[in-house]
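Chemist: this one's sequence-less:
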């Protein structure tokens with residue numbers, strides 16, 4: 001719509017019943033009478049956002065007019081209202097005067113008093129009628145006003161055609177007598193239908209007719225319209241959900257009808273329905289997840305119960321504290337499984353005056369490692385009860401044969417690479433010596449404050465691509481010497497400030513620093529050092545450390 005310069009002060013511009021203004025560079029340039037009535041002359045040349053707070057229909061705040069879209073409805077709130085109305089709807093259009101472009105803003109309050117120019121001028125002129133000449137002049141002015149109002153109505157009709165929502169007017173009985181172009185297109189009615197008047201029962205579905213009539217009467221009596229929702233019927237009997245905002249049309253002191261806007265809320269309804277469907281789906285999925293969670297929880301409880309039972313069996317196979325106290329005077333056992341059951345184990349027995357002691361690390365941890373550990377304990381018990389040569393190397397050679405045969409690890413039919421690493425000591429108190437043999441796991445001895453490492457053979461108990469017989473190492477027992485056999489779980493634990501492995505060199509330094517302390521105190525220091533090193537990191541493997549002093 002193009003505005004010429006003389007239209008800034010035209011009757012049309014001044015007498016539009018809604019506040020209308022021109023905007024340039026985010027500032028009010030000119031306003032009609034309704035605008036000045038609500039916002040005052042001082043609002044001219046003020047920044048739009050110093051007067052209004054504006055949001056789009058999704059409640060996103062607008063902070064610059066560069067973000068607005070033409071012919072779209074926005075919400076506003078007046079920061080310092082001068083009348084009884086402070087909020088409503090606002091839509092923008094463009095206008096041009098010569099080479100300059102402007103924005104126009106049309107403001108629709110939730111409740112407003114329209115300025116009835118005819119009434120004001122009539123009252124003003126009436127007080128001046130004192131003679132026949134003045135009466136004649138008064139009549140002529142009223143005729144001019146009627147013409148101006150007719151012209152204003154025509155221009156309002158043209159202006160409303162620019163609005164994408166349905167603008168409507170009703171008579172006092174609620175019959176639709178005016179629709180803008182968008183209203184005609186949306187509802188399917190034409191000018192001939194409007195001349196006859198469109199009854200409420202034709203426009204509204206049955207259960208909304210009475211509600212529409214009641215709301216019409218409330219508006220005609222001056223009540224506020226907060227946006228009532230209806231389901232409209234088009235001429236072709238399709239339905240459209242709308243939200244209606246309206247105010248009464250006054251002639252003098254009497255209401256003669258209602259003017260308002262129907263906003264299509266089909267997309268909002270569809271979005272709401274979609275949200276409700278999604279919520280229902282989420283509720284269903286939540287119920288399914290809860291049922292699955294309960295199932296998994298029950299399964300987990302059963303697994304944990306089974307593992308706890310397996311732990312009791314495994315613990316029953318380990319040497320008792322009573323047995324250890326009878327065979328070894330000073331000792332400690334630090335046994336810390338990663339899970340409920342362990343792939344590490346320790347073994348102690350005696351035969352003909354000789355004490356046999358081992359710390360072993362089976363392939364894996366948890367249930368697989370536990371099965372292997374119980375197999376290893378069973379084999380060691382069987383070997384100890386049947387052999388005549390009790391050297392640790394001989395025991396390991398026989399143990400390897402048992403594992404390879406039982407797990408079918410011969411070269412032709414090999415199916416697994418499972419096995420174990422072990423450090424085995426045989427203490428002969430009669431000869432005052434200790435024999436050691438190891439499969440990958442060494443023996444540490446602290447003698448006169450110096451740590452001596454007796455290396456193991458670099459091969460496992462189980463299948464290897466190349467292997468030989470295990471070798472014995474004989475060590476003279478000296479009073480005060482401290483012996484340590486262990487798995488690699490302690491040294492492989494990640495932790496510290498840089499999340500590194502503890503590693504053998506730290507373990508050796510720690511052993512050397514505590515070897516002369518009581519055995520229970522050594523165990524406590526080893527445990528606390530591990531926990532401090534591990535911190536919040538997960539334990540990565542089973543741990544077994546046996547220390548004993550001659």
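Modeler: Yes, it's here. Since this is a predicted model, take the numbers as computed values, not measurements.
Chemist: mind checking the backbone torsions on the spatially most central residue of the chain?
Modeler: The geometric centre of the chain, computed from its C-alpha atoms, lies nearest to residue 282 (CA atoms, centre = their mean), at 14.5 Å. With angles defined as degrees, to the nearest 10, residue 282 sits at phi -60, psi -40.
Chemist: Residue 382: neighbouring residues, count only.
Modeler: The local packing of residue 382 (other CB atoms under 10 Å) involves 13 other residues. Every residue, glycine included, has its C-beta placed from N, CA and C.
Chemist: Contact partners for it?
Modeler: By CB atoms under 8 Å, 6 or more residues apart in numbering, the contact set of residue 382 is residue 402.
Chemist: tell me the mean pLDDT over the strand or helix carrying it?
Modeler: Following DSSP states H and E, one finds residue 382 within helix 366-386. Here helix 366-386 scores 87 as its mean pLDDT.
Chemist: Next secondary structure after that helix?
Modeler: Remark: after helix 366-386, the chain's next helix or strand is helix 392-406, criterion DSSP H and E.
Chemist: Identify the residues contacting that following helix?
Modeler: Taking contacts as CB under 8 Å, 6+ apart, the residues outside helix 392-406 that touch it are 356, 375-376, 379-380, 382-384, 387, 409-410, 418-420, 422, 424-426, 435-439, 461-463, 467, 469-472.
Chemist: Let's see that with 7 Å instead.
Modeler: Under the contact criterion CB atoms under 7 Å, 6 or more residues apart in numbering, helix 392-406 has outside partners 375, 379-380, 383, 387, 410, 419, 422, 424-426, 435-437, 439, 461-463, 469-472.
Chemist: Okay, now the unreliable bits of the stretch 151-300 of the chain?
Modeler: Filtered on pLDDT under 70, the stretch 151-300 of the chain yields the residue ranges 152-153.
Chemist: Tell me where it has strands.
Modeler: Remark: strands assigned in the stretch 151-300 of the chain by DSSP state E, counting those that start in this stretch are 166-170, 176-179, 228-233, 239-251, 254-264.
Chemist: ok, back up a step: can you flag which of the contacts of helix 392-406 belong to helices?
Modeler: Members of the contacts of helix 392-406 lying in helices (criterion: DSSP state H): 375, 379, 380, 383.
Chemist: Quick check: chain neighbours aside, which residue is closest to the first one?
Modeler: So the one you mean is residue 375. In space, and not counting its chain neighbours, residue 375 is closest to residue 406: 7.0 Å by CB to CB, 6 or more residues apart in numbering.
Chemist: Leaving out sequence neighbours, find the closest residue to residue 313.
Modeler: Distance criterion CB to CB, 6+ apart; nearest residue to residue 313, sequence neighbours excluded, is residue 374 at 7.4 Å.
Chemist: Let me know whether that neighbour touches residue 315 as I believe.
Modeler: No - look at residue 374 against residue 315 with CB atoms under 7 Å: they stay out of range, at 11.0 Å.
Chemist: thinking again about what came up before, neighbour count and distance to residue 400 added to the ones in helices among the contacts of helix 392-406, as TSV?
Modeler: Converted to TSV, those look like this (neighbours: other CB atoms under 10 Å; distance: CB to CB, whole Å):
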residue	neighbour count	distance to residue 400
375	17	13
379	20	10
380	24	12
383	19	11
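Chemist: and residue 95, how many neighbours does it have?
Modeler: When counting by other CB under 10 Å, one arrives at 15 neighbours for residue 95.
Chemist: the strands in the stretch 1-150 of the chain, which residues?
Modeler: Under DSSP E, counting those that start in this stretch, the stretch 1-150 of the chain gives strands at 20-24, 27-31, 52-55, 61-62, 73-78, 87-97, 100-109.
Chemist: Listing partners with orientation, what would you give for the shortest one?
Modeler: Paired with strand 61-62 in the same sheet, following DSSP bridges, are strand 52-55 (antiparallel).
Chemist: Then the last one?
Modeler: Under the criterion DSSP bridges, strand 100-109 sits next to strand 20-24 (antiparallel), strand 87-97 (antiparallel) in its sheet.
Chemist: how big is the angle separating the longest one from strand 254-264?
Modeler: Orientation note: strand 87-97 sits at an angle of 80 degrees relative to strand 254-264 (axes from the mean of the first three to the mean of the last three CA atoms, to 10 degrees).
Chemist: Can you give the contact residues for strand 87-97?
Modeler: With contact meaning CB under 7 Å, 6+ apart, strand 87-97 is reached by 1-5, 22, 54, 68, 70-78, 101-110, 162-163, 245.
Chemist: Can I have the buried ones of those residues as a PyMOL selection?
Modeler: Listed next is the PyMOL selection for buried residues among the contacts of strand 87-97, using 16 or more other CB atoms under 10 Å:
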select buried, resi 3+22+54+68+73+74+75+76+78+102+103+104+105+106+107+108+109+110+162+163+245
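Chemist: The helix holding residue 382 to helix 392-406, inter-axis angle?
Modeler: Orientation check (the same axes, to 10 degrees): helix 366-386 against helix 392-406 gives 120 degrees.
Chemist: and helix 366-386, how far from the chain's centre?
Modeler: 49 Å (CA atoms, centre = their mean, to the nearest Å).
Chemist: that older thread, who has more neighbours, residue 374 and residue 315?
Modeler: Regarding residue 374 and residue 315, a neighbour count based on other CB under 10 Å identifies residue 374 as having more, with 17 against 12.
Chemist: rewinding a little: out of the strands of the stretch 1-150 of the chain, flag the one nearest residue 259.
Modeler: Closest of the strands of the stretch 1-150 of the chain to residue 259 is strand 100-109, at 9.5 Å (criterion: CB to CB).
Chemist: hmm, who's touching the closest one?
Modeler: With CB under 7 Å, 6+ apart as the test, strand 100-109 has contacts from 18-24, 29, 65, 85, 88-95, 245, 261.
Chemist: Now, of these, which are buried?
Modeler: Buried members of the contacts of strand 100-109, counted by 16+ other CB under 10 Å: 18-23, 29, 85, 88-93, 245, 261.
Chemist: For those, which two are the farthest from each other?
Modeler: Using CB to CB, the buried ones among the contacts of strand 100-109 reach their maximum pairwise distance at 29 and 245, which is 26.6 Å.
Chemist: End to end on stretch 247-261, go ahead and measure it.
Modeler: With CA to CA, to the nearest Å as the measure, stretch 247-261 spans 10 Å from end to end.
Chemist: quick one: residue 327 from residue 427, how far?
Modeler: Applying CB to CB, to the nearest Å, the value for residue 327 to residue 427 is 9 Å.
Chemist: Touching both of the two, which residues are there?
Modeler: Shared contacts of residue 327 and residue 427 (CB under 7 Å, 6+ apart): residue 355.
Chemist: So which of these two has more stuff around it?
Modeler: Between residue 327 and residue 427, counting by other CB under 10 Å, residue 427 is the more crowded of the two (23 against 17).
Chemist: Can you pull the domain assignment for the protein?
Modeler: Here the domain parsing of the chain from automatic domain parsing is 5-116, 165-264, 273-310, 318-549.
Chemist: Which among those domains is found nearest to residue 155?
Modeler: The nearest among the domains of the chain, by CB to CB, is domain 5-116 at 4.1 Å.
Chemist: residues contacting residue 18?
Modeler: Residue 18 neighbours (CB under 7 Å, 6+ apart): 34, 106, 107, 108.
Chemist: circling back to that earlier point, now the strands of the stretch 1-150 of the chain in a markdown table, with distance to residue 276 and mean pLDDT?
Modeler: Below are the strands of the stretch 1-150 of the chain laid out as a markdown table (distance: least, CB to CB, whole Å; pLDDT from 0 to 100):
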| stretch | distance to residue 276 | mean pLDDT |
| --- | --- | --- |
| strand 20-24 | 40 | 89 |
| strand 27-31 | 43 | 90 |
| strand 52-55 | 24 | 91 |
| strand 61-62 | 27 | 90 |
| strand 73-78 | 24 | 89 |
| strand 87-97 | 27 | 84 |
| strand 100-109 | 30 | 85 |
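Chemist: With distance to residue 362 as extra columns, can I get those strands in JSON lines?
Modeler: As requested, the strands of the stretch 1-150 of the chain are arranged in JSON lines below (distance: least, CB to CB, whole Å):
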{"stretch": "strand 20-24", "distance to residue 362": "83"}
{"stretch": "strand 27-31", "distance to residue 362": "84"}
{"stretch": "strand 52-55", "distance to residue 362": "69"}
{"stretch": "strand 61-62", "distance to residue 362": "66"}
{"stretch": "strand 73-78", "distance to residue 362": "72"}
{"stretch": "strand 87-97", "distance to residue 362": "77"}
{"stretch": "strand 100-109", "distance to residue 362": "81"}
